[in-house]
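Asker: Return a 3D structure for these sequence lines:
(one chain, ligands or ions: 2)
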Amino acid sequence: MSSVDVELNTPQAEAVAHVNGPLLVFAGAGSGKTRVITYRVANLIAREGVAPYRILAVTFTNKAAGEMKHRLEGLAGADVVRDLWVGTFHATCARLLRRHGEAIGLQRNFLIYDTQDQKAVVTRALRELDLDERRYPPRSVLYQIHKEKQEGRGPDEMTAESYVDDAVIKVFRRYEAHMREANAVDFEDLIGHMVRLLERETEGDAIRRRFTHVLVDEFQDTNAMQYRLVRALVRDHQNVCVVGDDDQSIYRWRGADVRNIRYFRRDFPGATVVKLEQNYRSTGHIVRGALGVIAPSPHREPKELWTENEDGPPIEVLGCADERDEAAFVTRRILDAREQGTSLGEMAVFYRVHAQSRVLEEALRAANLPYQIVGGTKFYERAEVKDALAYLRLLINPRSDVDMLRIINTPARGIGTTTIDRLVAFAGSRSESLNDALECIDEARDIAAAAQKRLGGLRNLLAELRARTATDSPSDVLLETLERTGYREALRADNTAEADARLENLAELVGTIRDYETEAIAAGEKPTLEGFLERVSLQADIDAMRDEPRVTLMTVHGAKGLEFQHVFLTGMEEDMFPYKSMEDRGDEDMEEERRLAYVAITRARRHLLITHTSARQIFGKTRWGAPSRFIANLPREGVVHKQTRGAKSTPQRFIDRPDRDLQPMPWSRRTSGLAPASSGGGPARPAPSAPPGQRYVDREFFQDDHGGGESAAPIRRGSRVHHQRFGEGEVRSVVNAGEPAVIAFFPGWGEKKVLARFLRPA
Ligand SMILES: Nc1ncnc2c1ncn2[C@@H]1O[C@H](COP(=O)(O)OP(=O)(O)OP(=O)(O)O)[C@@H](O)[C@H]1O
Ligand SMILES: [Mg+2]
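Answerer: Residues are numbered from 1 along each chain as shown. Ligands and ions are numbered 1, 2, ... in the order given. Model (predicted):
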């Protein structure tokens with residue numbers, strides 16, 4: 001362990017040597033926060049004699065967990081690492097709930113529903129409640145439900161302030177009932193159930209006794225429930241170490257609350273606070289560039305960031321004509337860097353939203369450059385893969401209706417939509433899952449005998465396959481399932497190139513399970529279908545982990561905590577980054593964009609290239625972008641500005657239709673102070689907002705005209721109105737006739753200002 005001492009500076013060493021009691025490490029980017037966590041764990045084991053299985057280290061992503069384990073293997077040895085608890089909040093809770101969840105009514109084989117499954121549950125609830133999906137987009141309703149859950153609220157704790165809330169509460173209640181019925185949980189439940197478990201004395205104490213030391217990385221991005229979980233875990237011994245950087249808080253839209261750093265000081269009054277101010281990651285130019293961008297941010301906790309590293313090459317800012325020009329240039333630079341000996345694994349291309357990746361991907365493919373997209377779930381999104389997983393999940397958990405509905409007639413087995421509807425109604429009338437309903441299908445009088453027989457056949461087949469899970473390996477169960485259900489045969493018979501590709505994907509899935517089996521056995525665990533499926537649902541970027549070095553493409557959000565020798569930061573235009581047009585953005589959103597830019601820049605170790613375009617085709621529209629304000633915040637020294645040849649002349653294809661008058665996005669409204677002044681006490685409810693990955697979907701709509709133009713509707717506060725694009729809403733405030741009124745539309749749209757002539761009474 002002697003190497004530990006020489007590889008740490010004084011405050012780092014102090015944080016590592018601190019053993020008992022609360023500790024807050026508060027520091028800027030690249031100053032060694034994650035390194036402190038890693039070394040602290042090694043120190044607790046090697047010097048303090050703490051058993052590895054008594055230590056829990058929480059990381060922000062699975063990838064970060066993998067890296068931490070890898071570093072610890074070097075410091076403490078592979079044997080030790082196997083017993084440690086290192087993982088994300090979600091993975092850790094899933095693991096603990098499988099062992100202890102029965103105390104709060106959770107069966108061991110519970111399923112973790114991903115966003116698509118969750119959306120399917122919402123859709124079903126909407127249908128049962130006879131609510132129109134166009135008025136209540138399932139995605140938005142789901143988002144609202146998540147928001148409540150992140151704050152620890154259930155449907156009963158919500159107050160209905162409008163009839164929209166009322167609908168959400170009803171859906172929420174059904175949603176929870178369906179989840180319970182299907183023995184499934186969503187990501188928020190993993191945390192929420194765990195908190196509830198910890199709040200029960202007997203079981204809570206057992207879990208508390210299990211961990212004597214808890215460490216949390218990226219603490220600035222924990223949400224209220226996660227923080228509550230941490231406090232409940234360490235209640236008795238307070239041996240908790242959190243590390244964070246308020247300047248890197250970038251998940252507010254997902255409920256993260258940077259104030260947790262302040263609350264920590266309040267809740268653990270005796271806490272030792274260590275500041276780290278020396279950056280070891282980046283060159284002088286990059287550190288100063290990052291500081292220039294973050295400096296205008298008004299609510300920063302005081303701390304410094306400096307480096308002894310050399311200045312390095314200047315930051316380059318490059319103006320391009322359009323996104324193709326940009327992609328071509330980035331590709332050329334990647335080829336150059338590889339030529340000069342940098343591994344592709346040391347290069348990353350960042351963008352603000354996923355949709356920007358397509359053009360970059362095309363350019364990289366054309367240049368034969370291997371790349372990976374981190375954060376995408378491409379492989380697991382494919383229909384045949386989802387079908388196969390649905391079968392597997394159904395074998396483990398027969399009550400999962402979402403999965404049953406997915407495969408009930410896939411491959412086609414003559415079960416039509418009428419039969420399915422009747423089956424759903426039959427199950428509903430008995431308050432049973434579809435699988436339970438299949439057990440007594442002969443009692444379903446309005447289902448024809450022939451259809452009953454086919455349904456019975458499916459039930460028997462599933463039961464037989466289920467029996468195999470007890471004896472066969474997970475990969476064999478999958479192979480057997482694909483054969484016995486006729487899934488593979490149907491694709492073979494199809495005999496098209498597309499069907500071949502699907503067969504390949506299924507083969508790839510079998511391969512993935514085999515890999516999992518090998519790893520599980522090596523770790524001394526029995527491979528199970530549950531284990532595999534858990535991994536799939538928790539590790540979205542599993543298919544991105546291959547051996548060959550590749551260029552990494554990712555959103556800035558995904559890049560948190562990582563570092564690369566070369567960083568290409570693309571799309572630095574107003575409207576793209578900061579995302580969308582300014583006028584209507586709340587200050588808090590803008591601050592978060594700024595912090596995001598800071599995170600992006602501080603990922604670079606040596607080379608940073610920032611690109612912006614004059615025009616960009618994205619989401620099927622052209623945007624004309626001025627260079628981002630964040631570029632203007634870079635210092636003069638150590639930054640060079642250039643243009644590609646194409647950028648000097650605007651290409652003809654953009655001259656036809658400037659598209660500058662973009663409409664505001666619903667999510668930006670929550671802080672824009674549009675609440676009616678006359679609402680009388682209490683802050684206005686924030687409008688629901690969508691996570692960045694989904695924002696652009698809305699944008700499509702907002703770029704259209706407001707339609708309408710019919711006669712003006714009489715609008716008063718509280719009256720219901722209809723808008724051609726946004727559907728129904730409720731008038732929140734009116735200023736003067738002829739001026740826009742503020743209307744609260746249904747979830748997903750939020751509050752907006754609309755002229756009366758575009759409204760009619762609902
Ligand atoms: N005392 C040190 N001596 C040498 N290198 C160090 C030292 N401390 C940290 N480093 C290196 O600096 C880089 C940044 O460290 P680390 O990732 O732990 O920082 P961080 O504060 O967690 O960054 P971020 O804010 O991005 O999460 C790593 O490559 C790490 O190995
Ligand atoms: Mg870190």
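Asker: Looking at the protein, which residue is nearest ligand 2?
Answerer: T34 (3.3 Å; Cβ to the ion). C-beta here means a position set from N, CA and C on the backbone, and glycine is covered the same way.
Asker: sec struct for that residue, please.
Answerer: What DSSP: H, G, I helix; E, B strand; the rest coil gives for T34 is helix.
Asker: quick one: the helices in the stretch 151-300 of the chain?
Answerer: Secondary structure of the stretch 151-300 of the chain (DSSP state H, counting those that start in this stretch): helices at 163-181, 187-199, 201-210, 224-233, 260-267, 284-294.
Asker: most neighbours per residue, which of the ones you listed?
Answerer: Burial of these is given as mean neighbour count (mean count of other Cβ atoms under 10 Å); helix 284-294 ranks first at a mean of 24.
Asker: is that one anywhere near ligand 1?
Answerer: No: shown here: helix 284-294 not in contact with ligand 1 (Cβ under 6 Å from any ligand atom), separated by at least 10.5 Å.
Asker: which phi and psi does the residue in the stretch 601-750 of the chain that ligand 1 sits nearest to have?
Answerer: Distances between the stretch 601-750 of the chain and ligand 1 by Cβ to the nearest ligand atom are smallest at T602, namely 5.9 Å. Note on T602: backbone dihedrals following degrees, to the nearest 10 are phi -80, psi 0.
Asker: any chance of the helices of the stretch 151-300 of the chain in CSV, plus distance to I415?
Answerer: As requested, those are exported to CSV (distance: least, Cβ to Cβ, whole Å):
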stretch, distance to I415
helix 163-181, 22
helix 187-199, 31
helix 201-210, 43
helix 224-233, 41
helix 260-267, 50
helix 284-294, 58
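Asker: just to revisit the earlier point, what's the local residue count around the residue of the chain closest to ligand 2?
Answerer: The local packing of T34 (other Cβ atoms under 10 Å) involves 20 other residues.
Asker: Which residue, other than its chain neighbours, is closest to it?
Answerer: D217 (5.7 Å; Cβ to Cβ, 6 or more residues apart in numbering).
Asker: wouldn't the one you found be in contact with F60 here?
Answerer: Yes: using Cβ atoms under 8 Å, D217 is in contact with F60, at 6.2 Å.
Asker: Can you pull the residues that touch both of the two?
Answerer: The contact sets of D217 and F60 overlap at G561 (Cβ atoms under 8 Å, 6 or more residues apart in numbering).
Asker: between these two, who's got more neighbours?
Answerer: Applying other Cβ under 10 Å to D217 and F60 shows that D217 carries more neighbours, namely 25 against 19.
Asker: How much space separates that one from V19?
Answerer: In this view, D217 and V19 are 18 Å apart by Cβ to Cβ, to the nearest Å.
Asker: cool, and R484?
Answerer: R484 sits 57 Å away from V19, going by Cβ to Cβ.
Asker: again with R134
Answerer: Going from R134 to V19 by Cβ to Cβ gives 58 Å.
Asker: Any stretches of the stretch 201-350 of the chain with poor pLDDT?
Answerer: In the predicted model of the stretch 201-350 of the chain, no residue satisfies pLDDT under 70.
Asker: what sits against the closest residue to D114 other than its chain neighbours?
Answerer: In space, and not counting its chain neighbours, D114 is closest to S537: 5.5 Å by Cβ to Cβ, 6+ apart. Counting by Cβ under 8 Å, 6+ apart, S537 touches L111, I112, Y113, D114.
Asker: Could you single out the nearest of those residues to I169?
Answerer: Y113 (20.4 Å; Cβ to Cβ).
Asker: Any residues of the stretch 551-700 of the chain in contact with ligand 1? List them.
Answerer: Taking Cβ under 6 Å from any ligand atom as the measure of proximity, the stretch 551-700 of the chain contacts ligand 1 at G561, E563, T602.
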